[in-house]
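> here is my input, please return the structure:
(chains A and B)
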2 protein chains.
Amino acid sequence: MPLLGFVLPFFAFVVVLLENARLEDCKELAANVVISLLGFFVTLRLIPSIKDKFTEAGLFGYDINKKGLAQGDKKIPEAVGLVSATIYILCICLLHLFRQSNNVELYTAAFASVTFMVLLGFADDVLNLKWRYKLILPLVASLPLLVLYTGGTCVLVPRPLRFLTKGRSLVELGILYYIYMALLSVFCTNAINIYAGINGLEVGQSVIIALAVLLHNALQLHPGGNKDNLDLLRQNHLFSIDLILPFYATSLALAYYNWYPSKVFVGDTFCYFAGMTFAMAAILAHFSEILLLFFIPQLINFIYSIPQLIGIVHCPRHRLPRLNGQTGKLEAIRTNLNLVNLTLWILGPLTERQLCIVLCSFQAFCCAMGLFLRAWALHWL
Amino acid sequence: MPLLGFVLPFFAFVVVLLENARLEDCKELAANVVISLLGFFVTLRLIPSIKDKFTEAGLFGYDINKKGLAQGDKKIPEAVGLVSATIYILCICLLHLFRQSNNVELYTAAFASVTFMVLLGFADDVLNLKWRYKLILPLVASLPLLVLYTGGTCVLVPRPLRFLTKGRSLVELGILYYIYMALLSVFCTNAINIYAGINGLEVGQSVIIALAVLLHNALQLHPGGNKDNLDLLRQNHLFSIDLILPFYATSLALAYYNWYPSKVFVGDTFCYFAGMTFAMAAILAHFSEILLLFFIPQLINFIYSIPQLIGIVHCPRHRLPRLNGQTGKLEAIRTNLNLVNLTLWILGPLTERQLCIVLCSFQAFCCAMGLFLRAWALHWL
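Here you go, the predicted model:
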């Protein structure tokens, strides 16, 4: 089954990790591996036993892409991302126990922002807040990060651009860096949230980005060349693995139920949660420029959506393709300006399952390119 | 109106504060006062504009104590405590900005646990979790506190009990102290949650306890006598004021709508949130034994409820009194073992509004006794 596509690249991460990590790194990561595995199995077990509670509470949706079919009349539990998010938060709590000495303030900042984002995301799912609130929520949820952040506010200027800074390699951004962090949180959360609408896409893209981040971290544990602050760099990437590995594990369990044909929907809860987790990992471990490379599909989708987002073109509630009942395939609606429809327009009608595989493959391709660019661009830094 | 009873004692706090505080304390508290005022007005404004969203989302209840009356058929938004809790979390975020230098880890521990508790409380309200989950949730939500807590694990032994400790005044509890913290969180959250069921009681008791905590803090800012660690003691009580003042402000705004006849219900969200906030303030500022004095009505209610909680006596879903349609008064149901029914049994039938005022007065009386005992018991410590 295609979910194997989400598991196999994990072994690439393990291989690179074993290649690059020192013995003490592996010891530190052992607790994370055990907790993540536990998180995976608890999520896998908890979702089927609790999902009917969501339907009973009125948190359900109909699968619009199966309208007219028997499956289209079935109530599907919505916002089940809450389950994986809660287990994730618990995993991060437990990890704290093994990380008392170093980086406590980083863990806490990430913990606080992610928990607050899950709360606001779930409130949004339940209360169906207006669009303007949706944009503000991630900003509000990033407040804990902004007030707790005590790290540097410098950025490294790439070599070709140093003529702008009179040759200086570091530029102090000060308050601008805080604005940058807030905007990145808003972008990541909303970018995943609006690149959605077919079975498995929200979790699929998130799991692939998580894998790319994990691979990037493993590669950077032994970056080669002569770098200053090698220990700090290692600490940063170990911290990022600590945040992302439990995310990968709990999201994978969610993907198992959300994959085509979906038994559960993930809700805004999951999209916000995923976006915030990536933003926290990237900001606190200082690789946000790399994260944006992994977000290229979301960037394309966002830019292409702008005419509808700002209201130049009429924006329906769901901007989905049309199901052709005869062929069982989805067809593009050209006035719905998002990557889902654009792909169908370029490739022709596809089944929902095919479409999700295509989009996930594109995500994987972009992430691979990002990793490649990163390796190649090392000369420029 | 009776809500004035929640505001007037606040001036006692202000007077004691001005009497006992140093100039630098007042400067530090200024930001808190401004933020709390802001929190009050935002909550007051936000609740009416968002409460219909709760009803639309299926989060509503009928006022059981008004069954048969016209008011009993009206849908009342449920779990609106989410609004005051969210504004409270934002207030704590903003306060962080003014407290960067000291006690960051305390603020963060409290922040993380309260946010997580609000998330779990709201999930409980939406999904209607089972009883056994309800007991576990506060334990889970206190995990952030337990893993972040780096303070001491000693307790002060009262003088008359020191023969047990061979005269030592301090006893190191170690891991037992962590168990104690977890149990206190579970007790506070559930004790408020099960002492409920009539308009205004959940918020009413919480606001009065908040006032008592504030008064206790103000009194301890200049404790008199010769005390070791006077500066540490002051820091602890300033920290507790930082946590409780915004809670008082946002809960007061909620009480305005929840008071008889309720326009909104507060939900488990509020009860868990309130209990956890008190537990955090008491644990992190080290006055948990005093907090238990303020919780005497909840303790009585809890102990009296035990036969039903552990299933010796049949336990209906709501353990409310019976409304007499003729008199418009509530009458005790003797098989419902809680303080609400016990009060009616002792005092005879009362209207819902009268009953709430009686119970709130009893709460105020117990808090006053607690404060008195505390002052008197100083000789024993």
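
> give the contact list for the closest residue to A:Asn20 other than its chain neighbours.
Nearest residue to A:Asn20, sequence neighbours excluded (CB to CB, 6 or more residues apart in numbering or on different chains): A:His222, at 3.7 Å. From N, CA and C alone the C-beta is placed, and that goes for glycine too. Counting by CB atoms under 8 Å, 6 or more residues apart in numbering or on different chains, A:His222 makes contact with A:Glu19, A:Asn20, A:Ala21.

> if I've got this straight, A:His222 is in a helix?
No - going by DSSP: H, G, I helix; E, B strand; the rest coil, the assignment for A:His222 is coil, not a helix.

> the lowest-mean-pLDDT helix or strand in chain A - contacts with which helices or strands?
Lowest by mean pLDDT, DSSP states H and E among the helices and strands of chain A is strand A:154-156, with a mean of 76. Contact here means 3 or more CB pairs under 8 Å, 6 or more residues apart in numbering or on different chains; DSSP states H and E; on that basis strand A:154-156 packs against strand A:170-172.

> quick one: contacts of the strand it packs on?
So strand A:170-172 is contacted by A:Thr153, A:Cys154, A:Val155, A:Leu156, A:Val157, A:Thr165 (CB under 8 Å, 6+ apart).

> ok, the fourth one touching A:Thr165?
By that I understand A:Leu156. No - A:Leu156 is not in contact with A:Thr165 according to CB atoms under 8 Å; the separation is 10.6 Å.

> check A:Leu252 and give its pLDDT.
We have a pLDDT of 97 for A:Leu252.

> what about it, how many residues close to it?
Neighbours of A:Leu252 under the rule other CB atoms under 10 Å in any protein chain shown: 24.

> so what's the residue count around A:Gly61?
A:Gly61 has 15 nearby residues by other CB under 10 Å.

> tell me the bridge partners for it.
A:Ile76 (DSSP bridges).

> check the gap between it and chain B for me.
Look at A:Gly61 and chain B: by CB to the nearest CB, to the nearest Å, they are 13 Å apart.

> wait, what's in contact with that residue?
Here A:Gly61 is in contact with A:Lys75, A:Ile76, A:Glu78, A:Phe265 (criterion: CB under 8 Å, 6+ apart).

> which member of those residues is positioned nearest chain B?
Nearest to chain B out of the contacts of A:Gly61 is A:Glu78 (CB to the nearest CB; 11.2 Å).

> and that closest one, its phi and psi?
Here is the backbone geometry of A:Glu78 (degrees, to the nearest 10): phi -110, psi 160.

> give me the buried positions along the strand or helix carrying A:Thr43.
Assigned by DSSP states H and E, A:Thr43 belongs to helix A:23-56. Buried positions in helix A:23-56, judged by neighbour count with 16 or more other CB atoms under 10 Å in any protein chain shown: A:25, A:28-29, A:32, A:35-36, A:38-40, A:42-44, A:46-47, A:50-51, A:53-55.

> against which helices or strands is that helix packed?
Taking 3+ CB pairs under 8 Å, 6+ apart as the contact cut, helix A:23-56 packs with helix A:4-20, strand A:76-77, helix A:81-96, helix A:230-258, helix B:104-127.

> next, the angle helix B:104-127 makes with it.
30 degrees (axes from the mean of the first three to the mean of the last three CA atoms, to 10 degrees).

> distance from the chain centre to helix A:23-56, please.
17 Å (CA atoms, centre = their mean, to the nearest Å).

> let me know the angle separating that helix from helix A:81-96.
If you take the same axes, to 10 degrees, helix A:23-56 sits at 150 degrees to helix A:81-96.

> separation between A:Ser84 and B:Thr165?
48 Å (CB to CB, to the nearest Å).

> which of these two has more neighbours?
A:Ser84 (34 against 11).

> what sits against the more buried one?
Per CB under 8 Å, 6+ apart, neighbours of A:Ser84: A:Thr43, A:Ile47, A:Thr250, A:Ser251, A:Ala253, A:Leu254, A:Phe270, A:Phe273.

> what's the closest non-adjacent residue to the third one?
Ranked by CB to CB, 6+ apart and with sequence neighbours excluded, the top spatial neighbour of A:Thr250 is A:Ser84, at 4.1 Å.

> tell me which stretches of the stretch 251-381 of chain A form helices.
For the stretch 251-381 of chain A, applying DSSP state H, counting those that start in this stretch gives helices covering A:267-284, A:288-294, A:296-309, A:339-347, A:352-377.

> can you pull the contacts of whatever residue of the stretch 251-381 of chain A ends up closest to chain B?
Chain B sits closest to A:Thr269 of the stretch 251-381 of chain A, with a gap of 10.0 Å, by CB to the nearest CB. Under the criterion of CB under 8 Å, 6+ apart, the neighbours of A:Thr269 are A:Ala79, A:Gly81, A:Leu82, A:Ala85, A:Val118, A:Gly121, A:Phe122, A:Asp124, A:Asp125.
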